[in-house]
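# just a sequence and a predicted model for now, questions to come.
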Amino acid sequence: MTLDYAGATTKYEPTLGLEVHVELNTKSKMFCGCATEFGAEPNTQTCPVCLGLPGALPVVNAKAIESSILIGLALNCSIAPYSRFARKNYFYPDMPKNFQTSQFDEPICVNGYLDVEIQTDEGQKVFRVEIERVHMEEDTGKSLHVGGATGRIHGAEYSLLDYNRAGIPLVEIVTRIVPGTGKYAPQVARAYVTELRDILRSLGVSDVKMEQGSLRCDANVSLAPIGSGKLGTRSETKNVNSLRSVERAVSGEIERQANRLEAGERIIQETRHFLEESGQTRPGRSKEQAEDYRYFPEPDLVPVTPDAKWIEELGTRIPEKPSVRRKRLQTQWNCPDKEMESLVNAELLDVVEETIKLGAEPTRARTWWLGEISRLANEKEVAPTSLITSKDVAEIIALIVGGDLTDKLARQVVEGVISGEGSASSVIEKRGLKVVSDDSALMTAIEAAIAAQPDTAERIRGGNIPAAGALIGAVMKATGGAADAAKVRELLLKHLGRG
Amino acid sequence: MTTIYSSATEMAQALSKKDISSVELTKLHLDRIEAVDGKVHAFLHVDSQGAIAQATAVDAKRAAGEKLSPLAGVPLALKDILAQKGVPTTAGSKILQDWRPPYDSTVVAKLKAAGVVILGKTNMDEFAMGSSTENSAYGTTQNPWDLTRTPGGSSGGSAAAVAAFQAPLAIGTDTGGSIRQPAALTGIVGVKPTYGGVSRYGVVAYSSSLDQVGPFARTVLDTALLHEAIAGHDERDSTSINAPVPQVVAAAKKLDVKGMKIGVIKELGGTGFQAGVSQRFNEALELLVAGGAQIVEVSCPNFEYALAAYYLIAPSEASSNLARFDSMRYGLRVGDDGSKGAEEVMSITREAGFGKEVKRRIILGTYALSSGYYDAYYGSAQKVRTLVKQDFEKAFAQVDVLVSPVTPTTAFKIGEKSNDPVAMYLSDIATIPVNMAGIGGMSLPVGLAPEDGLPVGMQIMAPVMQDDRFYRVGGALEAALLSKWGKPLLSNIPELGGM
Amino acid sequence: MAAISRDDVAHLAKLARVEMTPDELDHMATELEDILGAVKRVQEVATAEIAPTSHPLAMTNIFREDVVRPSLTNEEALSGAPAKAEDRFKVPQILGEE
Ligand SMILES: [Mg+2]
Ligand SMILES: [Zn+2]
């Protein structure tokens, strides 16, 4: 009989461990001046250093150190007064030197934690995830496998290597084992990676795009019978490329391991790959023998000993924790959960906050950014914030509230700003989009409409009030929508003796 | 008249007076190489075209009245371990056959900027691993004093080229004595600068924490001029010292040792040292005393462990540094018949491309770093390094410079030690402590051993970044020896024909 | 210390990616044992209280500014490649992992 997830977690206690690799968004690579921009032609962002040419030497990127310290501080870590790079020796064609310059027993940040909150059967609950270490290393190149039936490695005839990514700075964040999550292990894992991603984004140190690989997660899972007080053998699942996958990979591994244990089989310590389609994992390369990385201190680099003043200065740059900020803003704006979630997912929190700070009413600010602006951004496949500034949006909202713009006119203003006609005020000016509130101007249009449709006017005079719609429409059309429809109606009816 | 037998200083003077052009001087040396290199085999690659082009450019600048560096237009031989853009750079290894770097090492860039004319690349022990130049994949270099003997190594080609008047200047590298030992065995001056004094960028790495580039020449002043041309801070080398270059040229011109305290290291002499070596060494000490120096005997009890520590540290670092030679990105590729995977092709290539000594050291280094042995071997060796440094610190607290013979014996026969690695390693016993501590040292010819008529070298050592001290002592001693002999030591070298 | 066996050398040779014939393995085992016999002397003086020195000079904090410098051209980068295709380094099939 196979166990389902509920069955598995009734019998077994899962223990989690998470390793997250983050590509830093420095302009240049970790140890050389090559650009890090995504999407360049193959092997055009390489140099003797990142190609591992004979004789080339590394020099550490100061910004990468700074970013690593910021990450450590945001994760409540101690910043090591003395840390070093080491060489991790193993052969792989996408690694130009056949060693990775990494940190081993002397990482830059140690002993931190991150609290994450999830919904449980007993309500919201906080889990503390302890951080063992944060260390710096470098990324590898990319290989492309050509030939063979599937295009995968197996059956490939040869491989092609592009080293543009080799040497891009990576920070690896390693948790201690997270015990006691019980059946919530998958949610805790997801919440941790989500919170971590948000923190990294708020620090501005990485693009944190899981789909582009700038944030990658390896999930370690082990099981032990509930109450045994033991730790089981763990598997390490790689290739988990989205937040949803983090959750699925952990629950899938729990189920798989539980069923193996049920069948009396042993869990093998191994690397497994997450399969996006099925949510299952499959074994990776089975190692004939444990790797022996022969770490030793990198002789081409000198130790990193950040002074207390620098660390203190960096400490002042740690922003409010994203989860705390979200809660604060939600309360301040009186924002429903769903809408808050939409704002977070669309990465609009910052710009909405700015718009509100500039005087816009919170509900309108949210609606404009999530609605019309997001719609236009979607059409153009760009970020909403690249289309229009919070200042323009705040100005438009102020005009709406003041009665100077109708929603329809406001949409025209937004469109004008986006198509590059200038700021909101200059679009209004150039297109003449102010609400026409001048009664005499409206009266001229009303009289023209009556003259054009004398029969309709007669019916209204006769008491057929709903017929006014046709004349109001004509007036609105004549004024290019720049009139307040209610005002037109009022003036029209009054003029026809029905006011 | 300027000839190939002139010193670099004399050549530079003649060039500046326009008594000779750089093209003429370069051609004299190319002719000499053509005439004698069949016997000496100092060169792996003669870049006649490139040299003439460089010389022509210097002559043009001089004709235009441009201000030139002191050595502008003087020819030089470059050890084949330094990357020179577009010129074959093999490090004496088959695995780098035909490799032409797409970049210049910092030293080459500096030489080019100084207008020094690079004649070609000189032979060496493969990847600088050796003390006889017999480990080159491209044949042995012969000692111009006796063609049946080795010129020492690993920079044997550079030393032989200078001794055989194929070039007045040469560049070598010194990891455990690879400049000082061949200088001693060929009767010329060679200097291993303070670690970090000369950039390692573009120098094919053997042992990163020990390697250092340095000058060879036939006089102390010539050596100092070349030292100043290549030394100085380089931001591409993280281990480069950011401080002014010691005033070595001024020191070489001082010709005075009055009041200097000179320490004789008790442990580097006596038993195991050839009688003629000790005799010439002691006579040189007498000349220093006559010059007003004070001789003090000092003890460095941990030096006896330095050799063992060196043969753990250097192979360990080398095993990692040489991992990049895997046939993927450059160099030799063997066995790629379409049926084998990358890993197998790597192994076959490395087997075919590395020589015996290189493989020996890679395996030894892999062992010393592997888990379970690291502490006992690599770790212990690093501790010995601490002890050797402390010995030097104590000694330099008492004296200005330390002296010893450079080698236990004069030049040995080709083939004599090539099958006994441990015996071969012993020839570096006096030079290795200097590399372990990162200090600088000079090898100065002090006569011919009476029993075999071969050159004997004295090693003069100074504390970190006090390289000027050994130039001062070396300059004064050279002058005293010259007045004693009445003619330079090298005038005793046998004719090689073709002069 | 135990003698170095041929299997030990075979393991090291595999770690170091050097293919060796059985003859070579035997020969290397003998040589390695000789050399280790000579170099294990370091253990005589390397006591626990001595700090290891991995770098000859006590330097710290050598960094470069995060500034982009020109890279090699694709042609220069690939100039030494034993084989190339589609602007990339062409290598034998990479087996064993995805
Ligand atoms: Mg890692
Ligand atoms: Zn680069």
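Here it is on my side, so go on. Ligands and ions are numbered 1, 2, ... in the order given.

# can you give me the helices for the stretch 351-499 of chain A?
Secondary structure of the stretch 351-499 of chain A (DSSP state H, counting those that start in this stretch): helices located at A:362-368, A:374-380, A:390-401, A:407-418, A:424-431, A:439-452, A:454-461, A:468-478, A:485-495.

# what mean pLDDT would you report for the second one?
Taken as a whole, helix A:374-380 carries a mean pLDDT of 91.

# the strand of greatest length in chain A near chain B at all?
Counting residues, the longest strand in chain A under DSSP state E turns out to be strand A:123-138. No - with C-beta under 8 Å from any C-beta of the partner chain as the criterion, chain B is not reached by strand A:123-138; the gap is at least 14.2 Å. In short, each C-beta sits where N, CA and C put it, glycine included.

# on that earlier part again, could the helices of the stretch 351-499 of chain A be laid out in JSON lines, adding mean neighbour count and distance to A:Ser214?
JSON lines is the format used below for the helices of the stretch 351-499 of chain A (neighbours: other C-beta atoms under 10 Å in any protein chain shown; distance: least, C-beta to C-beta, whole Å):
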{"stretch": "helix A:362-368", "mean neighbour count": "19", "distance to A:Ser214": "28"}
{"stretch": "helix A:374-380", "mean neighbour count": "14", "distance to A:Ser214": "22"}
{"stretch": "helix A:390-401", "mean neighbour count": "21", "distance to A:Ser214": "26"}
{"stretch": "helix A:407-418", "mean neighbour count": "19", "distance to A:Ser214": "28"}
{"stretch": "helix A:424-431", "mean neighbour count": "17", "distance to A:Ser214": "35"}
{"stretch": "helix A:439-452", "mean neighbour count": "16", "distance to A:Ser214": "57"}
{"stretch": "helix A:454-461", "mean neighbour count": "16", "distance to A:Ser214": "64"}
{"stretch": "helix A:468-478", "mean neighbour count": "18", "distance to A:Ser214": "50"}
{"stretch": "helix A:485-495", "mean neighbour count": "17", "distance to A:Ser214": "50"}
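
# and of the ones you listed, who's closest to ligand 2?
helix A:374-380 (34.6 Å; C-beta to the ion).

# ok now the closest one, how far from the chain's centre?
18 Å (C-alpha atoms, centre = their mean, to the nearest Å).

# got the CA positions of that helix in PDB?
Below are the C-alpha coordinates for helix A:374-380, written out as PDB (Å, rounded to 0.1, in the frame of the first residue of the first chain):
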ATOM      1  CA  SER A 374      -0.700  47.400 -15.600                       C
ATOM      2  CA  ARG A 375      -3.000  46.700 -18.600                       C
ATOM      3  CA  LEU A 376      -1.000  49.000 -20.900                       C
ATOM      4  CA  ALA A 377       2.300  47.500 -19.500                       C
ATOM      5  CA  ASN A 378       1.000  44.000 -20.200                       C
ATOM      6  CA  GLU A 379       0.300  45.000 -23.800                       C
ATOM      7  CA  LYS A 380       3.700  46.400 -24.300                       C
END
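
# show me what that helix is packed up against.
In terms of contacts (3 or more C-beta pairs under 8 Å, 6 or more residues apart in numbering or on different chains; DSSP states H and E), helix A:374-380 is packed against helix A:407-418.

# follow-up on the earlier one: among the helices of the stretch 351-499 of chain A, which comes closest to A:Pro322?
helix A:362-368 (17.9 Å; C-beta to C-beta).

# quick one: mean pLDDT for stretch B:35-54?
On average, stretch B:35-54 scores 98.

# dump that stretch to CSV, keeping only the CA atoms.
Backbone C-alpha positions of stretch B:35-54 (Å, rounded to 0.1, in the frame of the first residue of the first chain) are rendered in CSV as follows:
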residue,chain,number,x,y,z
ALA,B,35,75.5,30.6,-34.2
VAL,B,36,75.5,29.0,-30.8
ASP,B,37,72.0,27.9,-29.8
GLY,B,38,72.4,24.7,-31.6
LYS,B,39,74.8,23.8,-28.8
VAL,B,40,73.2,25.6,-25.9
HIS,B,41,69.5,25.2,-26.7
ALA,B,42,68.6,28.1,-24.5
PHE,B,43,65.7,29.2,-26.7
LEU,B,44,62.4,27.5,-27.5
HIS,B,45,61.2,30.2,-29.8
VAL,B,46,63.2,33.0,-31.4
ASP,B,47,60.9,35.9,-32.4
SER,B,48,63.3,37.6,-34.9
GLN,B,49,60.5,39.5,-36.7
GLY,B,50,59.0,40.7,-33.5
ALA,B,51,62.3,41.7,-32.0
ILE,B,52,63.4,43.6,-35.1
ALA,B,53,60.0,45.4,-35.2
GLN,B,54,60.4,46.4,-31.5
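
# buried residues in it, which are they?
B:36-37, B:40-47, B:50-52, B:54 (16 or more other C-beta atoms under 10 Å in any protein chain shown).

# if I've got this straight, C:Glu33 is in a strand?
No - counting by DSSP: H, G, I helix; E, B strand; the rest coil, C:Glu33 falls outside a strand, being helix.

# ok, it - contacts?
C:3-4 (C-beta atoms under 8 Å, 6 or more residues apart in numbering or on different chains).

# for B:Val345, same thing?
B:Val345 neighbours (C-beta under 8 Å, 6+ apart): B:327, B:333-336, C:91-92.

# quick revisit: check whether the longest strand of chain A contacts ligand 2.
No - Strand A:123-138 is not in contact with ligand 2 by C-beta under 5 Å from the ion; minimum separation 10.4 Å.

# in that strand, which residues are buried?
A:127, A:129, A:131-138.

# got JSON lines for the helices of the stretch 351-499 of chain A, with distance to ligand 2 too?
Shown next, in JSON lines, are these (distance: least, C-beta to the ion, whole Å):
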{"stretch": "helix A:362-368", "distance to ligand 2": "44"}
{"stretch": "helix A:374-380", "distance to ligand 2": "35"}
{"stretch": "helix A:390-401", "distance to ligand 2": "38"}
{"stretch": "helix A:407-418", "distance to ligand 2": "39"}
{"stretch": "helix A:424-431", "distance to ligand 2": "45"}
{"stretch": "helix A:439-452", "distance to ligand 2": "67"}
{"stretch": "helix A:454-461", "distance to ligand 2": "77"}
{"stretch": "helix A:468-478", "distance to ligand 2": "63"}
{"stretch": "helix A:485-495", "distance to ligand 2": "64"}
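
# out of the ones you listed, which is closest to B:Asn282?
Shortest distance between B:Asn282 and the helices of the stretch 351-499 of chain A, using C-beta to C-beta, is found for helix A:390-401: 85.4 Å.

# okay, the spatially closest residue to A:Glu395 that is not a sequence neighbour and A:Thr389: tell me how far apart.
Of all residues not flanking A:Glu395 in the chain, A:Ala424 sits nearest, at 4.6 Å (C-beta to C-beta, 6 or more residues apart in numbering or on different chains). Note on A:Ala424: its distance to A:Thr389, by C-beta to C-beta, to the nearest Å, is 9 Å.

# give me the low-pLDDT residue ranges for the chain?
Defaulting to chain A. A:1, A:148-156, A:285-290, A:435-438 (pLDDT under 70).

# my question was about chain B
Those would be B:497-499, if you go by pLDDT under 70 across chain B.

# in space, what's closest to the residue in it that chain C sits nearest to - neighbours in sequence excluded?
Nearest to chain C in chain B, going by C-beta to the nearest C-beta, is B:Gly438, at a distance of 2.5 Å. Closest residue to B:Gly438 apart from its sequence neighbours, by C-beta to C-beta, 6+ apart: C:Pro56 at 2.5 Å.

# for B:Leu481, give me its contacts.
Neighbours of B:Leu481 in contact, by C-beta under 8 Å, 6+ apart: B:284, B:287, B:445-447, B:489.

# do that again at 7 Å, thanks
By C-beta atoms under 7 Å, 6 or more residues apart in numbering or on different chains, the contact list for B:Leu481 reads B:287, B:446.

# noted, bye for now.
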